[in-house]
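Enquirer: Got a sequence here, can you build the structure:
(2 chains)
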2 protein chains.
Amino acid sequence: MTKIKAYVFDVYGTLFDVHSVSRACDELFPNQGIAISQTWRQKQIEYSFLRQLTGNYKDFFAVTKDSLRYAIQLHCGDYNDSQLKKLLEKYLTLNTFPEVIEVLDQLRESKLAVFSNGSHQMLDPLLKQAAIYNKFNHIISVDEIKQYKPTSESYQYCLNTLKVNKEEVLFMSSNGWDITGAKSFGFQTAWINRNKLPVEQLQLEPDAICNDLRGIID
Amino acid sequence: MTKIKAYVFDVYGTLFDVHSVSRACDELFPNQGIAISQTWRQKQIEYSFLRQLTGNYKDFFAVTKDSLRYAIQLHCGDYNDSQLKKLLEKYLTLNTFPEVIEVLDQLRESKLAVFSNGSHQMLDPLLKQAAIYNKFNHIISVDEIKQYKPTSESYQYCLNTLKVNKEEVLFMSSNGWDITGAKSFGFQTAWINRNKLPVEQLQLEPDAICNDLRGIID
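Expert: Purely as a prediction, here's the structure:
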């Protein structure tokens, strides 16, 4: 294993719990919070894939709004702009997973970066409110080149910013599809398998699998 | 609306019920049939997107096998090759939806085609056992160019085979993502919304929405 020179973290699902919106969903749409939250995330990912595949890029905050609209329509039918706005704002104050700050502090002598499909409009306030923005050397968004992960173009852009060799990058994500893309590109990968899911059957297995981010310290 | 010169049908979910495998899944994995069938289909689609996005094309029958492996692992854990083989064979004998033959017969004076992510290895036997293979002028598979739907390259290939103008094609699919791709490319589109789902929030709405294929005759 080549020595790691840059530790690169995915954001949604990896540093932050996207399902911390479910309580707010439940308050506005009683008993539908978990269902809305799950569809919201699933469609958010699907819409970013579809926009990439069809050449119709739109920034991730707009995609997040579109996917929320779909999720509410599916589970509840009607909604109004005020409800939509309230839930979207929650996406800027997601909870970090409990081990995040401790792990970032342990790695503080190394080059640290986040690399996300999120646009700076949503990433920067999220990282700042969690008091981790300043812990990173680079905040890298695909919005700078308008090519979503998991395209090789996106990981190449990340690599260009880091100024190290690709095999010196350890990329960490809870999202199987993101690990698949990063591994296919040539990064070293650690899959943060928070939900004890099977490995994706794509013949691109992660170099390491951990239950949470503490696992990468070992 | 321009006069339609070619009627093009998606296959999985549109002509054939992919969830007709759930009974066979249930026989081999009791009480998990519906869950396996749903994950199987979801991962089959996701894996085709991911292989396209990362430039790792593999034919759809192999993708169907990989996604079945994931689905069984997720819901049941272990499986053996004989179980895998039995379920995969079921994908070659899916049930057509009840109105399919009647609708194809009503359109028999027009140019008819199927256009699918499936490879001929899986498409041709499926269409033959349902006795509809000969009702089509063209059986078009993305495997001929190894570019999955919903890329514009795939719909362009379909169009090249049909030898009509793109706005003279009516493309029909039950899959929102497929309608999105076809609409983005420039086909006329009819979404066969068999499950009464909301329209995808991708600013590419279908030209028509029907409950089943009979709706396109009207």
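Enquirer: Next, count neighbours for residue A:172.
Expert: Here the number of neighbours of residue A:172 (other C-beta atoms under 10 Å in any protein chain shown) works out to 27. (C-beta placed from N, C-alpha, C; glycine too.)
Enquirer: Confirm it sits in a helix?
Expert: No - per DSSP: H, G, I helix; E, B strand; the rest coil, residue A:172 lies outside any helix segment and is strand.
Enquirer: Break chain A down into its structural domains.
Expert: A:6-16+A:94-216, A:18-90 (automatic domain parsing).
Enquirer: check whether the longest one contacts chain B.
Expert: Yes - applying C-beta under 8 Å from any C-beta of the partner chain, one finds domain A:6-16+A:94-216 in contact with chain B at A:148, A:150-152, A:177, A:180-181, A:184-185, A:197-198, A:200-204.
Enquirer: Between those residues, which sits nearest residue A:15?
Expert: residue A:177 (17.0 Å; C-beta to C-beta).
Enquirer: list the contacts for the closest residue to residue A:126 other than its chain neighbours?
Expert: In space, and not counting its chain neighbours, residue A:126 is closest to residue A:92: 5.4 Å by C-beta to C-beta, 6 or more residues apart in numbering or on different chains. Applying C-beta atoms under 8 Å, 6 or more residues apart in numbering or on different chains, one finds that residue A:92 lies in contact with A:122, A:125, A:126, A:129.
Enquirer: Tell me the buried residues within the residues you listed.
Expert: Listed as buried from the contacts of residue A:92 are A:122, A:126; burial here means 16 or more other C-beta atoms under 10 Å in any protein chain shown.
Enquirer: Next step: the contacts of residue A:92 restricted to helices.
Expert: Secondary structure assignment by DSSP state H places A:122, A:125, A:126, A:129 of these in helices.
Enquirer: and the next element down the chain from the helix ranked longest in chain A?
Expert: If you go by DSSP H, chain A has its longest helix at helix A:33-54. Counting by DSSP states H and E, the next helix or strand C-terminal to helix A:33-54 is helix A:60-75.
Enquirer: So for that next one, mean pLDDT?
Expert: Averaging pLDDT along helix A:60-75 gives 98.
Enquirer: do it and chain B meet?
Expert: Yes - for helix A:60-75, a contact with chain B is found by C-beta under 8 Å from any C-beta, at A:66, A:67, A:69, A:70, A:73, A:74.
Enquirer: From chain B, how far off is residue A:77?
Expert: Counting by C-beta to the nearest C-beta, to the nearest Å, the gap from residue A:77 to chain B is 9 Å.
Enquirer: Mind telling me what element that residue is part of?
Expert: Per DSSP H and E, residue A:77 falls between elements, in no helix or strand.
Enquirer: Phi, psi for it please.
Expert: Backbone torsions for residue A:77, taken as degrees, to the nearest 10, come to phi 90, psi -110.
Enquirer: That one: neighbour count?
Expert: By the criterion of other C-beta under 10 Å, residue A:77 has 9 neighbours.
Enquirer: same check, this time on residue A:68
Expert: Counted with other C-beta under 10 Å, residue A:68 comes out at 27.
Enquirer: Show me where chain A has its strands.
Expert: For chain A, the strands defined by DSSP state E occupy A:6-9, A:16-17, A:95-96, A:111-116, A:138-141, A:169-173, A:188-192, A:208-210.
Enquirer: how about TSV for those, with mean pLDDT added?
Expert: Formatted as TSV, the strands of chain A follow (pLDDT from 0 to 100):
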stretch	mean pLDDT
strand A:6-9	98
strand A:16-17	98
strand A:95-96	98
strand A:111-116	98
strand A:138-141	98
strand A:169-173	98
strand A:188-192	98
strand A:208-210	98
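Enquirer: Quickly compare those strands and say which is most buried.
Expert: strand A:169-173 (a mean of 27; mean count of other C-beta atoms under 10 Å in any protein chain shown).
Enquirer: now it and strand A:188-192, what's the angle there?
Expert: For strand A:169-173 against strand A:188-192, the angle by axes from the mean of the first three to the mean of the last three C-alpha atoms, to 10 degrees is 20 degrees.
Enquirer: Quick one: residues contacting residue A:64.
Expert: Residue A:64 neighbours (C-beta under 8 Å, 6+ apart): A:40, A:44, A:88, A:91, A:122.
Enquirer: Filter the residues you listed down to the buried ones.
Expert: Using 16+ other C-beta under 10 Å, the buried ones in the contacts of residue A:64 are A:40, A:44, A:91, A:122.
Enquirer: Does the third one touch residue A:24 like I think?
Expert: Right, residue A:91. No - when contacts are counted by C-beta atoms under 8 Å, residue A:91 is not listed as touching residue A:24 (9.8 Å).
Enquirer: Output the below-cut-off pLDDT ranges for chain A.
Expert: A:1 (pLDDT under 70).
Enquirer: repeat that with 80
Expert: Within chain A, the ranges that satisfy pLDDT under 80 run A:1, A:218.
Enquirer: Give the residue farthest from the middle of it.
Expert: The centre of chain A is farthest from one residue, residue A:78, which by C-alpha atoms, centre = their mean lies 28.4 Å away.
Enquirer: Skip the chain neighbours and tell me the closest residue to residue A:175.
Expert: Using C-beta to C-beta, 6+ apart, the closest residue to residue A:175 is residue A:13 (5.5 Å).
Enquirer: Tell me which residues touch that neighbour, please.
Expert: Shown in contact with residue A:13 (C-beta under 8 Å, 6+ apart): A:41, A:173, A:174, A:175, A:194.
Enquirer: Now stretch A:166-183: buried residues?
Expert: For stretch A:166-183, using 16+ other C-beta under 10 Å, the buried residues are A:166, A:168-183.
Enquirer: CA atoms only: put that stretch into PDB for me.
Expert: Extracted C-alpha coordinates of stretch A:166-183, given in PDB (Å, rounded to 0.1, in the frame of the first residue of the first chain):
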ATOM      1  CA  LYS A 166      -3.600   9.300  -7.500                       C
ATOM      2  CA  GLU A 167      -2.400   6.300  -5.600                       C
ATOM      3  CA  GLU A 168      -1.400   8.600  -2.700                       C
ATOM      4  CA  VAL A 169      -5.000   9.600  -2.100                       C
ATOM      5  CA  LEU A 170      -7.200   7.800   0.300                       C
ATOM      6  CA  PHE A 171     -10.800   8.500  -0.600                       C
ATOM      7  CA  MET A 172     -13.500   7.800   2.000                       C
ATOM      8  CA  SER A 173     -17.200   7.500   1.300                       C
ATOM      9  CA  SER A 174     -20.300   5.800   2.800                       C
ATOM     10  CA  ASN A 175     -21.800   5.600  -0.700                       C
ATOM     11  CA  GLY A 176     -21.000   2.400  -2.600                       C
ATOM     12  CA  TRP A 177     -21.400   4.100  -6.000                       C
ATOM     13  CA  ASP A 178     -18.800   6.800  -5.000                       C
ATOM     14  CA  ILE A 179     -16.300   4.200  -3.900                       C
ATOM     15  CA  THR A 180     -16.800   2.400  -7.100                       C
ATOM     16  CA  GLY A 181     -16.100   5.500  -9.100                       C
ATOM     17  CA  ALA A 182     -13.100   6.500  -7.000                       C
ATOM     18  CA  LYS A 183     -11.600   3.000  -7.200                       C
END
